[in-house]
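>>> Structure for the following, please:
(one chain, ligands or ions: 1)
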Amino acid sequence: MILLEIKGKTGSFFGSVRSRIRLVYLLRIYLIENNIVEYINFNTTTMAGIFKFTFGPWNIHEGSDPFGPTVRETIEFSKKLNYYKKLGFEGVQFHDDDAVPDMNDLTPQQIASKAKELKKVLDNSGLAAEFVAPRLWEDARTIDGGYTSNDPVCRKFAIERSKRTIDIANAVGTNLVVLWLAREGTYIREAKDSVVATERIVEAINIMLEYDPDVRVCIEPKPNEPMDHTYIPTTGHALALGLLCNDSKRVGVNIESAHAILAGLDPSDEMGFALTFNKLWTVHLNDQNGLKFDQDKTFGSVDLRRAFNQVRILDKHDYGKNGEFIGLDVKAMRTQKDDVATKHLSNSKEIFLKLLSISRKIDDNFIVKCQQERDYEELDLYIMKSLLGE
Ligand SMILES: [Mn+2]
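The predicted structure is shown next:
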């Protein structure tokens, strides 16, 4: 009886690894809520994520910003690769032209063969490629957007370039393509028709899904910057757009903490929403000090509790058990000197793991007790004390 009730609650997710664990979780809640048992030790639960970390080569950078030039020497890609294992990372996130520089000057065959060479280098370094993302926002042809450009020649370029991105992903051993839709928006409302623009993004994704029957497309929402407004500002928009695509089961999301914060949302709730749909296929963890430019600060460095809740929701719902990575998208401060300009990466990982350890020590029975008594002030203090190491 109880199992049937809970099966109903889990709906179509019943059957996957995550669903089975969610089932156990719901069963415990059911037993307590219906006074069938008084006490269940929640801390014996098998819920636990598996965490492997990645970052992109752009996360080791020269420190230029819109108001000033570079302040650090350029480190060539092959040298950057040496940092990954040293800093405790297992994989690399790529823009297409991180993987194959100057790809616009190469034929599709040349691009694929360069990407295959890169795969060997990665294998020799013991590193996985997590995903490849088409860098559409820097090309002169995408000045007014790629997929949503008003110019059909530019839209064609964006789609062809995205196909090359998929070729690169295949060659480096991943089927995950991330779309940060940087310039798919407007500076003024009247510049594009938002219905047509949305349809054009769907059409572009459909072409990618059709081009490769194995590719999975992960949309990374962001509400603004570089554009005044973008068309896919939040997780909800990304998931809804995915449902319009021809093979929606191959469209998911990449949630960046800072992007959610810029949209006035809580990143952990955004992650929870995507996890409910089994659509959280990667993350870009970082931090953000309010509504400013996209800061990409070290994870947890602005709001430790907000970071804690991201770690906790990922861990509680088995993030990583289907091979998902914890991706970082963090930048060193511009003031950082060359020889210590990778600390933001190792620091972010260290903060994540420390928060994970705090989260796993938390007494879930106490949380349930507070929830049942509706004493959220007590729960608030308990979380604060846990974060303070008490
Ligand atoms: Mn990002």
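>>> Show me which residues of the stretch 151-300 of the chain sit near the ion.
Taking Cβ under 5 Å from the ion as the criterion, the neighbours of the ion within the stretch 151-300 of the chain are 256, 284. Where you see a C-beta, it was placed from the backbone N, CA and C, and this is true even at glycine.
>>> quick one: the strands in the stretch 151-300 of the chain?
In chain order, the stretch 151-300 of the chain shows strands spanning 176-180, 185-186, 216-220, 229-230, 251-256, 280-285, with DSSP state E, counting those that start in this stretch as the criterion.
>>> Can you name every helix or strand that the fourth one contacts?
Going back to what we said before, that points to strand 229-230. Using 3 or more Cβ pairs under 8 Å, 6 or more residues apart in numbering; DSSP states H and E as the contact criterion, the elements in contact with strand 229-230 are strand 185-186.
>>> does residue 115 sit in a helix, a strand or a coil?
State at residue 115, reduced to three classes by DSSP: H, G, I helix; E, B strand; the rest coil: helix.
>>> any weak-confidence spans in the protein?
The model of the chain has pLDDT under 70 over residues 1-22, 24, 37-47.
>>> just the angle between the top helix by length along it and strand 216-220, please?
Using DSSP state H to assign secondary structure, the helix with the most residues in the chain is helix 152-172. Angular relation of helix 152-172 and strand 216-220 on a 0 to 180 degree scale: 120 degrees, by axes from the mean of the first three to the mean of the last three Cα atoms, to 10 degrees.
>>> hmm, who's touching helix 152-172?
Outside of helix 152-172, the residues within contact range by Cβ atoms under 8 Å, 6 or more residues apart in numbering are 94, 96, 99-100, 103-104, 108, 111-112, 115-116, 118-119, 122, 129, 131-134, 136, 139, 141-142, 144-149, 175-177, 200, 204, 207-208, 211-212, 215.
>>> Write the ChimeraX selection for whichever of those residues are buried.
Buried residues within the contacts of helix 152-172, by 16 or more other Cβ atoms under 10 Å, are selected in ChimeraX with:
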select :94,96,99,100,103,111,112,115,118,119,122,129,131,132,133,134,136,139,141,142,144,145,146,147,148,149,175,176,177,200,204,208,212,215
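>>> Just the ones in helices from the contacts of helix 152-172, please.
Mapping the contacts of helix 152-172 onto helices (DSSP H) picks out 96, 99, 108, 111-112, 115-116, 118-119, 122, 200, 204, 207-208, 211.
>>> domains of this protein?
The domain map for the chain lists 1-40, 53-354, with the assignment taken from automatic domain parsing.
>>> re earlier: find the one among the strands of the stretch 151-300 of the chain with the highest mean neighbour count.
Among the strands of the stretch 151-300 of the chain, strand 251-256 has the highest mean neighbour count (mean count of other Cβ atoms under 10 Å), at a mean of 27.
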